[in-house]
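Student: sequence and predicted structure below; questions after.
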Amino acid sequence: KHSEKMHTQVRAALLLVLVLAALASSVAQEEPPWKITFHIQKNVDSVHEVKLGSHACQFTYRAANTAHEEAWEMEITEKHGEFTCLIKDQDPTPPHATFYGFSAHMFGAKDDVLTLDEVWDHEGGLMLADDSYLVEGFTVRTTSHWDMRGVAQITIKSE
């Protein structure tokens, strides 16, 4: 009887080890909360968010088209108290998605203000604030006269 009980305990312990290993494996395969990869979907209101400490970066958009659901990466980092959110098209080959509109927000920004905002097109051109997009507090967003140009990268920073 004693060996039967011990055998049952050993099987239970092995089962627990297998379950914990499976859980650890699935957790290890998930992306960290500060970095994600997503694919552009057309004609869908989409929201993606990454978090780090007291800050969260959120990207919202509605794509007019996408030829091949290109992959985008979104990452938030912190260095010396400054948080940087990088939202970037990972596919350099055309055609590229075009957006009806987009916005990028840095929740947790000190005084609700961005310290840097840059929006780049696929030709390597830096778009001009107040011409191609607006900066409102901790938000960068398209203007009402947005011309649906392709966006390659958005960078916003805050303290």
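Tutor: Yep, that arrived.
Student: what residue ranges in the chain score low on pLDDT?
Tutor: 1-31 (pLDDT under 70).
Student: tell me which stretches of it form strands.
Tutor: Counting by DSSP state E, residue ranges of the strands within the chain are 35-39, 45-52, 55-65, 71-79, 82-89, 98-107, 116-120, 133-136, 139-142, 153-158.
Student: tell me which of the ones you listed lies nearest to Met127.
Tutor: Across the strands of the chain, the minimum distance to Met127, taken as C-beta to C-beta, is reached by strand 116-120, at 4.4 Å. The C-beta positions use only the backbone N, C-alpha and C, and glycine is treated the same way.
Student: residues making contact with stretch 61-75?
Tutor: With contact meaning C-beta atoms under 8 Å, 6 or more residues apart in numbering, stretch 61-75 is reached by 34-46, 48, 50, 57, 59, 85-91, 95-103, 148.
Student: got the strands of the chain as a markdown table, with mean neighbour count columns?
Tutor: Putting these into a markdown table (neighbours: other C-beta atoms under 10 Å) gives the following:
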| stretch | mean neighbour count |
| --- | --- |
| strand 35-39 | 15 |
| strand 45-52 | 16 |
| strand 55-65 | 19 |
| strand 71-79 | 17 |
| strand 82-89 | 20 |
| strand 98-107 | 19 |
| strand 116-120 | 17 |
| strand 133-136 | 16 |
| strand 139-142 | 20 |
| strand 153-158 | 21 |
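Student: many thanks, we can stop here.
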